[in-house]
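>>> Sharing a sequence plus its predicted fold:
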Amino acid sequence: MRRYAADISSLAEEFQQRFRDFAAIEQGDHAFPSPFSVDPDDAPDHLQLELIELQCGAECRSRHQQLPLVNFYRQLDNGRFQEIRTFAKKMLSLFGSTYLCEKTFSVMNINKNRLRTRLSDSHLRDILRIKTTVFEPDLAYLLQSRSQYHPSH
């Protein structure tokens, strides 16, 4: 019983930390997609000077309009915009993992509802693994090899 209490306490602390992280990120999340329309005074302190310098550059503004967001942040000079680049990396990794999490829960809900009575935890784990990876199985090969080993099916 004490082991479970310690585990639950640890999980509760981890959730609290994650929500604190989100609150800190929320302060600067408007600067990420549109760094030229945010007031530097509203940005986190560590980004303000670089944000002012970025907003003063016509070439940077032009690149922001022409390039995909990821490429825009990638091409920024690391010496001049180190804080902004680090911030952009954190935001990109956050969005990437959030997307994967949402995709996983969506797949899980669809499959769990549709196949509720026949779906075991093992099956669900396998489905989630398949749906959240970029691996594409060679179904024709798998079916052919299965029919060779099991001719009665």
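Cool, the structure landed.
>>> And the helices in the chain?
Ranges of helices within the chain are 2-28, 45-56, 58-66, 69-75, 82-114, 121-131, 139-149, based on DSSP state H.
>>> low-scoring pLDDT stretches of this structure, where are they?
Counting by pLDDT under 70, the low-confidence segments of the chain come to 1, 15, 18-30, 94-119, 121, 124, 149-153.
>>> my guess is Asn78 meets Ala88, correct?
No - Asn78 sits out of contact with Ala88 when judged by Cβ atoms under 8 Å, with a separation of 11.4 Å. No exception for glycine: its C-beta is placed from N, CA and C like everyone else's.
>>> neighbour-wise, which of those two wins?
Set side by side, Asn78 and Ala88 give different neighbour counts by other Cβ atoms under 10 Å, the larger being at Ala88 (20 against 10).
>>> what about the closest residue in space to the more buried one that isn't next to it in sequence, neighbour count?
The spatial neighbour of Ala88 that comes closest, neighbours along the chain excluded (Cβ to Cβ, 6 or more residues apart in numbering), is Tyr73 at 3.8 Å. Residue crowding around Tyr73 was assessed by other Cβ under 10 Å; the count is 21.
>>> quick one, what contacts Tyr73?
84-85, 88-89, 92 (Cβ atoms under 8 Å, 6 or more residues apart in numbering).
>>> Would you mind giving those residues as a markdown table with distance to Tyr141 added?
Output for the contacts of Tyr73, formatted as a markdown table (distance: Cβ to Cβ, whole Å):
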| residue | distance to Tyr141 |
| --- | --- |
| Ile84 | 48 |
| Arg85 | 44 |
| Ala88 | 42 |
| Lys89 | 39 |
| Leu92 | 36 |
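>>> which of those count as buried?
Applying a neighbour-count criterion of 16 or more other Cβ atoms under 10 Å, the buried members of the contacts of Tyr73 are 84-85, 88.
>>> Of those residues, which is the nearest to Thr133?
Taking Cβ to Cβ as the measure, Thr133 lies nearest Ala88 of those, at 25.9 Å.
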